[in-house]
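J.: need a structure here:
(2 chains)
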Amino acid sequence: MFRSMLVLAASLAMLVTGPVSAQRYSQSVMEVDEKPGYEPSADEERLPAALQRQSVFFRTNEQPGTIVVHTSERFLYIVQGNGRAIRYGIGVGRDGFQWSGLNKITRKQEWPDWTPPPEMIERQPYLPRFMAGGPGNPMGARALYIGSTVYRIHGTNMPQTIGKAVSSGCFRLANGEIVDLYERVPVGTKIVVRHAPEL
Amino acid sequence: MRKNYRTGLLMGCALAVTVAAVAIAYERFDTKTLKRTINRDALLCGVSTGLPGFSNADDKGNWSGFDVDFCRAIAAAIFDDPKKVQFVPLDSKERFLELQRRKVDVLARNSTWTMSRETDYALHFAGVSYYDGQAFMVPRSRKIDSALELDGSKVCFQQETTTELNLGDFFRANGMKYDPVRLPRIDDVLKAYDAGQCDTLTADMSQLYALRQRFGKPGDHTILPDVISKEPLAPVVRQKDDDWMLIVKWTLFAMLNAEELGITSRNIDQALASKKPDVMRLVGTEGEYGAGLGLTRDWAVRIIRHVGNYGEVYERNVGTESKLGIPRGINNLWDKGGIQYAPPIR
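T.: As a prediction, this is how the structure comes out:
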């Protein structure tokens, strides 16, 4: 019941935000509320093939190991050298990243705790003020903290938001994917974030 | 005798003049593709006989796809109406001759740009709209992510000279061995791979993504990012009508530049108010760039508004939002990891 309501909410949001075919670009924003306590099934955790982690052609001057995110796409890259990168499908916060440029991963955390920011509490007043890490936590299985910012790359308990711009949050990956990324990224890893140019 | 000679000379001259006049008229006609397209009130666009993602008609005859959208973009630039296109399905054998015979104004039919095609048929390829090339698919369980790890593989492919030659060259050049499994039709190739008769399948990358879609769990198969041959797909026009070629070429460049500048079908109205010179030149709030093409100053706005920028067209038809799900990869913009690069509008 809970799940079908979630799916209904998601499809309603898609109906509202994705009108004409020419405008059905990946920028469509999903108004999906956080669902603390919700644990996705194994089927839900399996991403569509297009969003699954994969090795792709990627031409860059950045050193192997560097994380690159173009927020206009819905992908995060970890540079492998030799003109390739491993690409992960991500969900990007609509107003998520206010900064762009170069930063570093400063901390890593397994099953991070969750403290919803004030804006989110305002929109969803019934949310807990704190939730300990574990399955069902919106922060998911792992988190990578970026510099001294409030932003992080983390997992999610709502894998269906991957590939979308979601209404809140940082860069989120499906739990299986963030676990893979976590193993590849030591503290001190460079991260480059670029936004679409301003008009 | 002498009189006969003079008559003959006169007649010969008259014939020569007539032939020359016809030839000149024909040539002039040949250089008026835009005028003829406008008079006809529709663009004649040569497409494939059906290739999902690139050009495909539904049961009501509505065409969609990456190549189809490119023709709609040209129509949008000319008519401010992306629907003013007549699609003409052409098979791979007749396509270049049909273009030469003026059955279509432009060919947007997943055609590889090669030297002999330009010289033999007197055609121009206007710019690479999609970089394709031969690639490999392997079961995800093999945990391979580079073609250089394919040593000792059993490789299924369709008997066809270029596929087999490229495969042989690639393995030889990298000091690797493979077991070839040659099959007559692509369906047989897929079946053999599915049945485990081989552990690797090779074909053009766009085709691999289409084939993968036919498995129950497409995600169980990895398509390696390595491209081992050059198949640059490009829209084609006849030679001798440079004005028309410019329109086709700059339609593609406008779509690429729009993506690079962050202009989409969703924010095109904001772009019209922009004070950034690059944006202003593209949307026509500065300069007379449309006039140079024989079009209006908002020619590029029409393309972006009705059809979208390159990235939108890509994602909608062959990318993440489509069934194919082909990563941008080599077709991403030059500043985002790929090699798509358009000359600037200025």
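J.: now the helix or strand containing B:Lys35: buried residues?
T.: Following DSSP states H and E, one finds B:Lys35 within helix B:33-40. The neighbour-count check on helix B:33-40 (16 or more other Cβ atoms under 10 Å in any protein chain shown) flags B:Thr33, B:Leu34, B:Thr37 as buried. Just so you know, the C-beta spots here come from the backbone N, C-alpha and C atoms, and that holds for glycine as well.
J.: CSV for those, including distance to chain A?
T.: Output for the buried residues of helix B:33-40, formatted as CSV (distance: Cβ to the nearest Cβ, whole Å):
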residue, distance to chain A
B:Thr33, 26
B:Leu34, 24
B:Thr37, 22
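J.: grab the most central residue of the chain for me.
T.: Since no chain was named, I'll use chain A. A:Arg172 (1.7 Å; Cα atoms, centre = their mean).
J.: sorry, I should have been clearer: chain B.
T.: The centre of chain B sits closest to B:Ala234, judged by Cα atoms, centre = their mean, with a distance of 3.5 Å.
J.: how about the contacts made by that residue?
T.: By Cβ atoms under 8 Å, 6 or more residues apart in numbering or on different chains, the residues touching B:Ala234 are B:Ser111, B:Thr112, B:Trp113, B:Phe125, B:Ala126, B:Gly127, B:Val128, B:Ser129.
J.: any idea how far B:Gly127 is from it?
T.: Computed as Cβ to Cβ, to the nearest Å, the B:Ala234 to B:Gly127 distance reads 6 Å.
J.: for the residue of the stretch 201-346 of chain B at minimum distance from chain A, grab phi and psi.
T.: The stretch 201-346 of chain B approaches chain A most closely through B:Gly325 (2.8 Å), counting by Cβ to the nearest Cβ. For B:Gly325, the backbone dihedrals (degrees, to the nearest 10) come out as phi 60, psi 40.
J.: what's the neighbour count on it?
T.: By other Cβ atoms under 10 Å in any protein chain shown, the residues close to B:Gly325 number 23.
J.: contact partners for B:Phe253?
T.: If a contact means Cβ under 8 Å, 6+ apart, then B:Phe253 has B:Gly127, B:Ala342, B:Pro343, B:Ile345 as its contacts.
J.: buried ones only from those, please, as a ChimeraX command.
T.: Those of these that count as buried under 16+ other Cβ under 10 Å are selected in ChimeraX with:
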select /B:127,342,345
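J.: in the chain, which spans are strands?
T.: I'll assume chain A. Along chain A, the stretches classed as strands by DSSP state E are A:29-30, A:54-57, A:67-70, A:75-81, A:84-89, A:91-93, A:101-110, A:142-146, A:152-154, A:165-166, A:171-172, A:190-194.
J.: actually it's chain B I care about, not the one you picked
T.: Counting by DSSP E, the strands of chain B are B:43-47, B:56-57, B:63-64, B:85-89, B:106-107, B:123-125, B:130-132, B:134-139, B:153-158, B:178-183, B:200-204, B:221-223, B:231-233, B:236-238.
J.: what's around the residue nearest to B:Ile186 when sequence neighbours are not counted, how many residues?
T.: Counting by Cβ to Cβ, 6 or more residues apart in numbering or on different chains, B:Gln158 is the residue found nearest to B:Ile186 once chain neighbours are left out, at 5.1 Å. Applying other Cβ under 10 Å, we find 19 residues neighbouring B:Gln158.
J.: in this structure B:Gln158 contacts B:Val181, no?
T.: No - counting by Cβ atoms under 8 Å, B:Val181 is not a contact partner of B:Gln158; they are 10.5 Å apart.
J.: wait, what's in contact with the residue of the stretch 1-150 of chain B found nearest chain A?
T.: Using Cβ to the nearest Cβ, the single residue of the stretch 1-150 of chain B nearest to chain A is B:Asp145, 4.0 Å away. The neighbourhood of B:Asp145, defined by Cβ under 8 Å, 6+ apart, consists of A:Ser55, A:Arg84, A:Ile86, B:Thr222, B:Leu224, B:Pro225.
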